[in-house]
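Novice: what follows is a predicted protein model with its sequence.
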Amino acid sequence: MSRFLVVLLLLGGSAHSAQCQNVSIQPRGQPQSREPQASIRASVTLVLIPVSVTDRNGRTVNELQAASFSVFEDGVRRPIVSFSNEDAPCSVGIVLDLSGSMKSRISTAKEAVRSFFDNSNPQDEGFLMTFADKATLQIGFTRDFAAIQNSLVFERASGSTALIDAVYAALGQIRSAHTGRKALLVVSDGGENHSRHSSRELINAALESDVQIYSLVTPEHPRSLVERSEEMRGLSVLADLSEMTGGRQFVLRNQSELPSVMAKLGTMLRNQYVLGIRPSENASEGKWRKLKVEVHVPDRQERLRVDARTRYYAPEK
């Protein structure tokens, strides 16, 4: 229909031998190793913030030092007390729209999934959740990416679109991730007409889950005012999620751009700076706190783009 989005959520891997499952079923075959957490979170002493930096051509910038960054909490600059930059494994949750409005986009959606995993590394893990009227966990956490791709061969598009509910359900799956980097990849045209959860509920859940969400938009003209309204609702929610969680929204103008865009997404997800700050002592506990990350590189003429989440929740002690 109008637009096709790929919003990326990183999550964990498990078995794929079962039939299509309800989202409440727990995954099997957990990976043995456990990576240190690198997603943003607040403890008594430290907040960790994953940050992506790209140049004007969309290339990831990897050579920066801690002195290049400034972090502001509620408008007040905070000292950076820890800093790292490494190519770390990712946990990726794919949420694929199989509703009727995706009929003209289903081949592109499947190709996006294939291309993304072609650019993954062997230590990444992922799961597949599909949705139309409701969300279904097709394959739990696994590093067998071929199994995920093969499960899509005979899938067809039909039914209504519960986009918000599907992303909300996928956020529950991310809790079992086994790596420090978590993201969501949503493949959809952006339509929304069948969810029970509200957009505010989804945004709050995403921020509390410390998940980066990426979106890929493909322009297409809707056939009716109703469809356009449904599309704009979904697109608005996904755009907000990308901005607030430190993800990125891409516009895919034709399918030939898909491999390079997915390669860029994979590089951004695995090559991030992780900045650590201590929460300000006078900030209220049990409240949302605003974050802003800036980068300053005097010897570079071009302006660099910074993607980092804009808020975190300071839990009560």
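Specialist: Structure received.
Novice: residues in contact with residue 65?
Specialist: Taking Cβ atoms under 8 Å, 6 or more residues apart in numbering, we find residue 65 in contact with residue 83. For the C-beta atoms, the positions are set from N, CA and C on the backbone; glycine is no exception.
Novice: the same query, at a cut-off of 10 Å, please.
Specialist: 83, 85, 273, 297 (Cβ atoms under 10 Å, 6 or more residues apart in numbering).
Novice: are any of these buried, and which?
Specialist: Among these, those classed as buried by 16 or more other Cβ atoms under 10 Å are 85, 273, 297.
Novice: pipe those residues into a markdown table and attach secondary structure per row.
Specialist: As requested, the buried ones among the contacts of residue 65 are arranged in a markdown table below (DSSP: H, G, I helix; E, B strand; the rest coil):
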| residue | secondary structure |
| --- | --- |
| 85 | strand |
| 273 | strand |
| 297 | coil |
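Novice: looking at those, which is nearest residue 105?
Specialist: Proximity of the buried ones among the contacts of residue 65 to residue 105 (Cβ to Cβ) peaks at residue 273, which lies at 34.1 Å.
Novice: strands of the stretch 151-300 of the chain, residue ranges please.
Specialist: 181-188, 215-217, 249-251, 271-277, 287-295 (DSSP state E, counting those that start in this stretch).
Novice: what residues of the helix ranked longest in the chain count as buried?
Specialist: Across the chain, the longest stretch assigned as helix under DSSP state H is helix 225-245. By 16+ other Cβ under 10 Å, the buried positions in helix 225-245 come out as 227, 230-235, 237-245.
Novice: CA atoms only for that helix, dumped as CSV, please.
Specialist: Extracted in CSV, the C-alpha atoms of helix 225-245 (Å, rounded to 0.1, in the frame of the first residue of the first chain):
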residue,chain,number,x,y,z
LEU,A,225,-8.4,8.5,2.6
VAL,A,226,-9.1,5.7,5.2
GLU,A,227,-5.9,3.9,4.1
ARG,A,228,-3.9,7.1,4.2
SER,A,229,-5.1,7.8,7.7
GLU,A,230,-4.2,4.3,8.8
GLU,A,231,-0.8,4.6,7.2
MET,A,232,0.0,8.0,8.7
ARG,A,233,-0.9,6.7,12.2
GLY,A,234,1.5,3.8,11.9
LEU,A,235,4.3,5.9,10.3
SER,A,236,4.0,8.5,13.0
VAL,A,237,4.4,6.0,15.8
LEU,A,238,7.4,4.3,14.1
ALA,A,239,9.1,7.6,13.4
ASP,A,240,8.7,8.6,17.1
LEU,A,241,10.0,5.2,18.2
SER,A,242,13.1,5.6,16.0
GLU,A,243,13.9,9.0,17.3
MET,A,244,13.3,8.3,21.0
THR,A,245,15.2,5.0,21.1
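Novice: so residue 135 touches residue 186, yeah?
Specialist: No - Residue 135 is beyond contact range of residue 186, at 11.3 Å (criterion: Cβ atoms under 10 Å).
Novice: more neighbours, the two?
Specialist: residue 186 (29 against 23; other Cβ atoms under 10 Å).
Novice: give the residues shared as contacts by residue 135 and residue 186.
Specialist: Common neighbours of residue 135 and residue 186 (criterion: Cβ under 10 Å, 6+ apart): 95, 129, 163, 166, 167, 170.
Novice: so where's the stretch 101-250 of the chain uncertain?
Specialist: 219-223 (pLDDT under 70).
Novice: sorry, back to before: tabulate the contacts of residue 65 in CSV, adding columns for distance to residue 62 and pLDDT.
Specialist: Compiled in CSV, the contacts of residue 65 are given as follows (distance: Cβ to Cβ, whole Å; pLDDT from 0 to 100):
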residue, distance to residue 62, pLDDT
83, 13, 96
85, 6, 89
273, 9, 94
297, 12, 91
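Novice: now the end-to-end length of stretch 170-180.
Specialist: 17 Å (Cα to Cα, to the nearest Å).
Novice: is the nearest residue to residue 280 once chain neighbours are set aside bridged to anything, and to what?
Specialist: Excluding the flanking residues, the one nearest residue 280 by Cβ to Cβ, 6 or more residues apart in numbering is residue 73, at 5.7 Å. In this structure, residue 73 bridges to residue 76, residue 291 when assessed by DSSP bridges.
Novice: and for residue 73, the neighbour number?
Specialist: Neighbour count for residue 73, taken as other Cβ under 10 Å: 19.
Novice: and if you look at residue 189?
Specialist: Neighbour tally, residue 189, other Cβ under 10 Å: 31.
Novice: cool, and residue 150?
Specialist: For residue 150, using other Cβ under 10 Å, the count is 12.
Novice: so how far is residue 166 from residue 136?
Specialist: Distance, residue 136 to residue 166, by Cβ to Cβ, to the nearest Å: 9 Å.
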